[in-house]
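Trainee: Sequence first, predicted coordinates after that:
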Amino acid sequence: MCAGRLPEGTVPGMPDGDGYFGEDVAARYDESSADMFRPEAVDPAVDLLAGLAGDGRALEFAVGTGRIALPLAGRGVPVHGIDMSRAMVARLRAKPGGAAIGVTIGDFATTRVPGEFAVAYLVFNTINNLTTQDAQVDCFRNAAAHLRPGGCFVVEVGVPELRRLPPGQSAVPFTISSTEWAFDTYDVVTQAMSSNYVTIVDGRARHWSIPFRYVWPAELDLMARLAGLRLRDRWETWTREPFTAESRGHVSVWEKPAASA
């Protein structure tokens, strides 16, 4: 599957004021990522995040159309979101309960909002949408700055699939059909990657490419340490299966030390 927040099957738009998530993507985002909206995908994430939030507030980086924020708020957790895409946020606002969720428009790696939070979180591989190591480090520092002592930063992201690359190959396909071909490309020197889409519309081929930066679990742990956080838990999925050498993704929880520590 693709590396960042853009779901498999979505034709990406060109970057504009909303980045790669402008109106053309926002208009069909929920439909194209329908599997991610199923209760079996959403409920375990909401359960874990609600438990970490307790009686505190939650901050979602890249809140998007509210796939996680809305049900989490429905559990009684006050949620605030940060997102660069006004088009995506407009879809959130149009949903029941969307008007009650505060949203700040901006880059989630650096944008600050008032107050302290019990949990900050970043889901669906979106850490990879930050295309430099510096930006990813800034994201961890931004999360830590928003957390109260004892608060947690949660990231859901895939493990780079470099083992699927035979010698001399730099691309891994993830969609092949009669009208669409999609593949990820990897640069193992810089950790740059891209998701590439070729679609056939009315007999004409169109190509789009979106940049990402893949990141390893150990590298994320070091970013957390630089931000003053420490690893608390790591699982393969939101349902807390053990993380192993065969895991294709992970949900990791880093904790901000309590003031007494």
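Mentor: Thanks, I have the structure now.

Trainee: can you pull out the helices in the stretch 101-250 of the chain?
Mentor: Remark: helices assigned in the stretch 101-250 of the chain by DSSP state H, counting those that start in this stretch are 133-146, 217-226.

Trainee: now for the first one, which elements pack on it?
Mentor: Put plainly, it is helix 133-146. Counting contacts by 3 or more CB pairs under 8 Å, 6 or more residues apart in numbering; DSSP states H and E, helix 133-146 packs against strand 58-61, strand 117-122, strand 147-158, helix 217-226. Quick note: C-beta positions are derived from backbone N, CA and C, even for glycine.

Trainee: Try it again at 6 Å.
Mentor: Applying 3 or more CB pairs under 6 Å, 6 or more residues apart in numbering; DSSP states H and E, one finds that helix 133-146 contacts strand 117-122, helix 217-226.

Trainee: want to throw those into a markdown table with mean pLDDT, distance to Glu246 and mean neighbour count?
Mentor: Listed next are the helices and strands packed on helix 133-146 as a markdown table, based on pLDDT from 0 to 100; distance: least, CB to CB, whole Å; neighbours: other CB atoms under 10 Å:
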| stretch | mean pLDDT | distance to Glu246 | mean neighbour count |
| --- | --- | --- | --- |
| strand 117-122 | 98 | 24 | 26 |
| helix 217-226 | 98 | 13 | 16 |
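
Trainee: In a markdown table: those, plus distance to Ala87.
Mentor: Putting these into a markdown table (distance: least, CB to CB, whole Å) gives the following:
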| stretch | distance to Ala87 |
| --- | --- |
| strand 117-122 | 20 |
| helix 217-226 | 29 |
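
Trainee: how about these, which one is nearest Ala99?
Mentor: strand 117-122 (20.4 Å; CB to CB).

Trainee: Any chance of TSV for the helices of the stretch 101-250 of the chain, columns distance to Pro78?
Mentor: Formatted as TSV, the helices of the stretch 101-250 of the chain follow (distance: least, CB to CB, whole Å):
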stretch	distance to Pro78
helix 133-146	13
helix 217-226	24
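
Trainee: out of those helices, which comes closest to Met88?
Mentor: Closest among these, using CB to CB: helix 133-146, at 18.0 Å.

Trainee: Residues contacting the closest one, please?
Mentor: For helix 133-146, contacts defined as CB atoms under 6 Å, 6 or more residues apart in numbering pick out 59, 109-110, 117, 120, 130, 153, 223-224, 227-229, 256.

Trainee: quick one: Pro173 and Phe183 touch, right?
Mentor: Yes: using CB atoms under 6 Å, Pro173 is in contact with Phe183, at 4.3 Å.

Trainee: before we move on, back to that, go through the contacts of helix 133-146 and say which is closest to Gly66.
Mentor: Of these, the one sitting nearest to Gly66 (CB to CB) turns out to be Leu59, at 13.9 Å.
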